[in-house]
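>>> Next come a sequence and a model predicted from it.
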Amino acid sequence: MRTFVVIYLFFIGMCGSIAQSVTVSKKMPLKSDLAYDLLGQIGDHILLYRDRGNHKYNVEVFDKEMAFVKDRYIKFEKKKVDVYGIVARDSSFNMMYSYKEDGEIIYMIRKYTGDMILQDSTELFRLSKSFKKKRYLLETSENKKFSILFHFEDDMTMEFYLIRHDSLDILHKKVLEVKDLNLRERFKKVVLTDRSEILILLEKKNSRYSKSENHLGLFILDRGAGYRYTRINNYERVVSDLDMAFDNANRRVCVLGLWHDKHKDSAKGYFYLNKPFITLEEEEEMMFQNFVPDFLAEANNNELGKSQELKDFVLKQVTLRQDGGFIFFAESQREYTRRTSYQSTYGRGEGLLGWMDYFFEDVVAISVHPDGQEHWRRVLFKKQFSQDDAAIFSSYFLMKTPSRLKLVFNDEIKNNNTVSEYILDPLGRFNRNSLLSTDYQNLKIRFADAIQISSNEFLAPSEKNRKLSLVKITY
């Protein structure tokens, strides 16, 4: 563990200085790990879950100062166990897993404290092993009270198990079956609300050749029988990217995307549906907004009138405002292969990673009022270039507080670089600061995988020379 402090001047009429501390954990080798997951702060400890491969799992425990406390391997009922997901709560975490026994697949849930004491273990459900193994996906509500395990039974059927985390039980099982519609192919996103409603967003039609039929579909499953359905018309446009969020405080649903009249890899503007959940009707209309010329010129580093669209921008996230409005962020992402036909045949071989250039560049941010009026729009410039690393050190982390948004990112993707941040206030005013330097710190931080653990702290993994460490930044 080591800690260092960075001090910089603040902005926009605020005097004085702001300091933040950067605390780094011990280094842990990543020899055979298949995956790891930051569980964050649980009680008085910070936890790191590791899948060591060959059905071996353990949790590394640190104190709040990132000093190592202990390492605990998890013992299960059987040697071969598949872990489906972990939900971290304030003072405990729940682990969902399955194993095979006597011709059945048994699905379980466990509850651990922050210092790795097993408090409870319960069977959720079991299935006959004669059926094809089901690959369940996990979605959790914002308040961490509920989760759903879901999968596609077939192309037209989705199956959901609703889990309540305080009692470790299944509230109910629901099945969505829609004839003449390929749910698996059209599925875009599922959201679980804090009251356990399930929202399923589908892209029903999206082609430049059938624009008159293009539309979205929204299924809503609550604790009652059946479902509600809303058709969302998109005025003969092509969707280039799409997302959905639910505002649990104001009980509003927000469907948002980028659009073009022809191409899916470019955007001429954005569209949205943002209204109270209870007022959704069987048919809704999207609101559409064009990107204005001066904004396009700035985003494309071009002269006014020369740029007609945003190209290669990906919708990254939707942040919900306290007043019922929203802010969305889109990032410029491009990748190019350096592999030639000769290299494919005689070089590293097909199917292997490598020979890829990644460009993760500018971010656009747009804020919209609850009534649909655009509040402000900004272009946040950055340039990240890397090769053959799957871009794991690129992009950014968004830290949220009631009065500020902070985008934290690596200035350059190299061994020694500067970490910077953009700080935005509610009016869209922003400043760019240098947060810290990794020179001689032996850090290479994956900000896209960071998690916020309090109103003024976040945690990020650092990988360098096949060794992992945890970095905690406190403002």
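Yes, it's here.
>>> use CA for all of it now, contacts and neighbours both
Noted.
>>> which stretches of the stretch 51-200 of the chain have low pLDDT?
The stretch 51-200 of the chain contains residues with pLDDT under 70 at 131.
>>> hey, where'd the strands end up in the stretch 301-450 of the chain?
310-311, 313-320, 326-337, 356-368, 374-380, 384-387, 397-400, 405-410, 418-424, 430-437 (DSSP state E, counting those that start in this stretch).
>>> helices or strands up against the third one?
Of the remaining helices and strands, those touching strand 326-337 by 3 or more CA pairs under 8 Å, 6 or more residues apart in numbering; DSSP states H and E are strand 313-320, strand 356-368.
>>> Show me the beta-bridge partners of the residue nearest to the spatial centre of the chain.
In the chain, the residue lying closest to the centroid (CA atoms, centre = their mean) is Gln317, at 7.7 Å. The partner list for Gln317 in beta bridges (DSSP bridges) reads Phe329.
>>> circling back to that earlier point, just say which of the strands of the stretch 301-450 of the chain is most tucked in.
Among the strands of the stretch 301-450 of the chain, strand 405-410 has the highest mean neighbour count (mean count of other CA atoms under 10 Å), at a mean of 23.
>>> sorry, back to before: including mean pLDDT, could the helices and strands packed on strand 326-337 go into a markdown table?
Supplementary listing: the helices and strands packed on strand 326-337 in a markdown table, determined by pLDDT from 0 to 100:
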| stretch | mean pLDDT |
| --- | --- |
| strand 313-320 | 95 |
| strand 356-368 | 97 |
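>>> correct me, but Ile200 touches Arg186?
No: counting by CA atoms under 8 Å, Arg186 is not a contact partner of Ile200; they are 10.4 Å apart.
>>> before we move on, back to that, would you list the helices and strands packed on strand 326-337 in a markdown table and tack on distance to Asp102?
Below are the helices and strands packed on strand 326-337 laid out as a markdown table (distance: least, CA to CA, whole Å):
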| stretch | distance to Asp102 |
| --- | --- |
| strand 313-320 | 44 |
| strand 356-368 | 47 |
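>>> Check which residues of stretch 214-228 are buried.
214-221 (16 or more other CA atoms under 10 Å).
>>> Out of the residues you listed, flag the one nearest to Val191.
Using CA to CA, Ile220 comes nearest to Val191 of the buried residues of stretch 214-228, at 9.8 Å.
>>> give the contact list for Leu280.
With contact set as CA atoms under 8 Å, 6 or more residues apart in numbering, Leu280 has these partners: Thr230.
>>> I'd like the distance between it and Gly103.
45 Å (CA to CA, to the nearest Å).
>>> Distance-wise, check Val178 relative to Glu281.
19 Å.
>>> So what's the residue count around Leu48?
Using other CA atoms under 10 Å, Leu48 has 19 neighbouring residues.
>>> Give me the sheet partners of the helix or strand containing it and which way each runs.
Element membership for Leu48, per DSSP states H and E: strand 45-53. Strand 45-53 has the following sheet partners, assigned by DSSP bridges: strand 35-42 (antiparallel), strand 56-63 (antiparallel).
>>> Pipe these into CSV and attach mean neighbour count per row.
What follows is the strands paired with strand 45-53, written out as CSV (neighbours: other CA atoms under 10 Å):
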stretch, mean neighbour count
strand 35-42, 19
strand 56-63, 20
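>>> closest one to Arg50 among those strands?
Nearest to Arg50 among those is strand 35-42; the distance by CA to CA comes to 4.3 Å.
>>> nearest to Arg195, of the strands of the stretch 301-450 of the chain?
strand 313-320 (17.7 Å).
>>> Show me what the closest one is packed against.
strand 238-247, strand 326-337.
>>> now it against strand 405-410, angle please.
140 degrees (axes from the mean of the first three to the mean of the last three CA atoms, to 10 degrees).
>>> Put the alpha carbons of strand 313-320 into PDB.
Output of strand 313-320 as PDB, limited to C-alpha atoms (Å, rounded to 0.1, in the frame of the first residue of the first chain):
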ATOM      1  CA  PHE A 313     -19.500   7.900 -32.200                       C
ATOM      2  CA  VAL A 314     -20.800   5.300 -29.700                       C
ATOM      3  CA  LEU A 315     -23.500   6.100 -27.100                       C
ATOM      4  CA  LYS A 316     -21.700   5.400 -23.800                       C
ATOM      5  CA  GLN A 317     -24.200   6.200 -21.100                       C
ATOM      6  CA  VAL A 318     -27.300   8.100 -20.000                       C
ATOM      7  CA  THR A 319     -27.100  10.000 -16.700                       C
ATOM      8  CA  LEU A 320     -30.500  11.000 -15.200                       C
END
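>>> contacts for that strand?
241-245, 247, 257-258, 265-267, 326-333.
>>> Could you rerun that using 7 Å?
241, 245, 247, 326-333 (CA atoms under 7 Å, 6 or more residues apart in numbering).
>>> Those: which two are farthest apart?
Asp247 and Gln333 (27.6 Å).
>>> Which residue is the nearest non-sequential neighbour of Leu176?
Of all residues not flanking Leu176 in the chain, Met158 sits nearest, at 5.1 Å (CA to CA, 6 or more residues apart in numbering).
>>> Note down every partner strand of the host helix or strand of that neighbour and its orientation.
Met158 belongs to strand 157-164 when elements are defined using DSSP H and E. The strands that strand 157-164 pairs with in its sheet are strand 146-154 (antiparallel), strand 169-177 (antiparallel) (by DSSP bridges).
>>> Including distance to Gln441 and mean neighbour count, could those strands go into JSON lines?
Formatted as JSON lines, the strands paired with strand 157-164 follow (distance: least, CA to CA, whole Å; neighbours: other CA atoms under 10 Å):
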{"stretch": "strand 146-154", "distance to Gln441": "39", "mean neighbour count": "20"}
{"stretch": "strand 169-177", "distance to Gln441": "46", "mean neighbour count": "16"}
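>>> Could you dump these into TSV with distance to Arg404 added?
Output for those, formatted as TSV (distance: least, CA to CA, whole Å):
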stretch	distance to Arg404
strand 146-154	28
strand 169-177	38
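>>> and Ala330, what does it touch?
Counting by CA under 7 Å, 6+ apart, Ala330 has contacts 313-316, 363-365.
>>> Could you measure from the closest residue to it other than its chain neighbours over to Ser332?
With sequence-adjacent residues excluded and distances taken as CA to CA, 6+ apart, Ala330 is closest to Leu315, at 4.2 Å. Here the criterion is CA to CA. By it, Leu315 lies 9 Å from Ser332.
>>> ok, and for the helix or strand harbouring Ser462, which residues are buried?
Assigned by DSSP H and E, Ser462 falls within strand 457-464. Using 16+ other CA under 10 Å as the burial criterion, the residues of strand 457-464 that qualify are 457-463.
>>> hey, C-alpha coordinates of the helix or strand just after that strand in CSV?
Following strand 457-464 in sequence order, the next helix or strand is strand 467-474 (DSSP H and E). Output of strand 467-474 as CSV, limited to C-alpha atoms (Å, rounded to 0.1, in the frame of the first residue of the first chain):
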residue,chain,number,x,y,z
LYS,A,467,0.3,-7.8,-12.1
LEU,A,468,-2.9,-6.3,-10.7
SER,A,469,-3.3,-3.6,-8.1
LEU,A,470,-6.2,-1.5,-6.9
VAL,A,471,-6.2,2.3,-7.1
LYS,A,472,-8.5,4.3,-4.8
ILE,A,473,-8.8,8.0,-5.6
THR,A,474,-10.4,10.2,-2.8
